[in-house]
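Trainee: Give me a model of this one.
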Amino acid sequence: VLTHVHLDHVGWSTEEARPRFVNAEYVVQADELAHVRGGATYERMIRPIEEAGQLRVVDGDVGFRGMRLLPTPGHTPGHQSVVTERALLGGDVLVHPAQARWPELTYVYERDPAQAITSRREVLALAAATGIPIAAAHPHPALDAEARALATPTTGEAVCPPYRL
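Mentor: Alright, predicted model coming up:
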């Protein structure tokens with residue numbers, strides 16, 4: 001399942017203009033495909049999958065192989081999260097732990113910051129209601145009570161993209 005079509009999330013999907021996994025089905029939201037179609041990442045990473053007949057396009061909140069594909073737009077128009085019994089795979093709906101405390105904290109790579117805030121709030125509410133943990137795609141060090149990054153022996157100081165309130 002492709003949460004969205006940014007290079008850091010789909011860069012593994014093709015190899016030499018062919019799908020890397022020949023027996024895989026790659027799943028993307030219709031809004032995401034419409035958003036990226038014709039762009040460089042689409043041409044290099046998605047078009048070969050589509051031409052091979054391995055791209056499955058879904059629309060909205062759908063069940064898929066025992067999982068739930070939940071639209072979480074904002075970071076991109078067709079961003080989706082994957083809900084399983086054990087984890088909520090959030091893609092880039094939350095990119096920093098501070099956003100769990102302050103979902104209104106946006107960052108420069110969100111296409112629609114207001115929608116991203118709504119998606120974050122919905123994901124946080126779902127996780128709270130179900131007790132399912134959120135798995136982040138871009139883990140960062142833990143934060144203290146004032147949202148300052150805590151240095152750890154394995155990660156050092158946090159390096160984060162620019163954020164704004």
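Trainee: hey, which helix is longest across this structure?
Mentor: The residue-count maximum for a helix in the chain (DSSP state H) belongs to helix 113-130.
Trainee: Pull up the pairing partners for the following helix or strand past that one, direction included.
Mentor: Per DSSP states H and E, helix 113-130 leads on to strand 134-135 as the next helix or strand towards the C-terminus. Taking DSSP bridges as the criterion, strand 134-135 sits next to strand 88-89 (parallel) in its sheet.
Trainee: Centre-most residue in this structure?
Mentor: The chain has Gly91 as the residue nearest its centroid, 2.0 Å off, counting by CA atoms, centre = their mean.
Trainee: Now do the closest residue to Trp12 other than its chain neighbours against His96, distance only.
Mentor: Counting by CB to CB, 6 or more residues apart in numbering, Arg20 is the residue found nearest to Trp12 once chain neighbours are left out, at 6.3 Å. The C-beta positions use only the backbone N, C-alpha and C, and glycine is treated the same way. Note on Arg20: its distance to His96, by CB to CB, to the nearest Å, is 29 Å.
Trainee: can I assume Ser81 sits in a strand?
Mentor: Yes. Membership of Ser81 in a strand is supported by DSSP: H, G, I helix; E, B strand; the rest coil.
Trainee: Let me see the contact set for it.
Mentor: Under the criterion of CB atoms under 8 Å, 6 or more residues apart in numbering, the neighbours of Ser81 are 3, 69-70, 72, 88-91, 93, 123.
Trainee: Pull the number of nearby residues for the nearest residue to Pro103 once chain neighbours are set aside.
Mentor: Setting aside the residues directly before and after it, Pro103 is nearest to Arg120 in space (CB to CB, 6+ apart), at 3.9 Å. By the criterion of other CB atoms under 10 Å, Arg120 has 25 neighbours.
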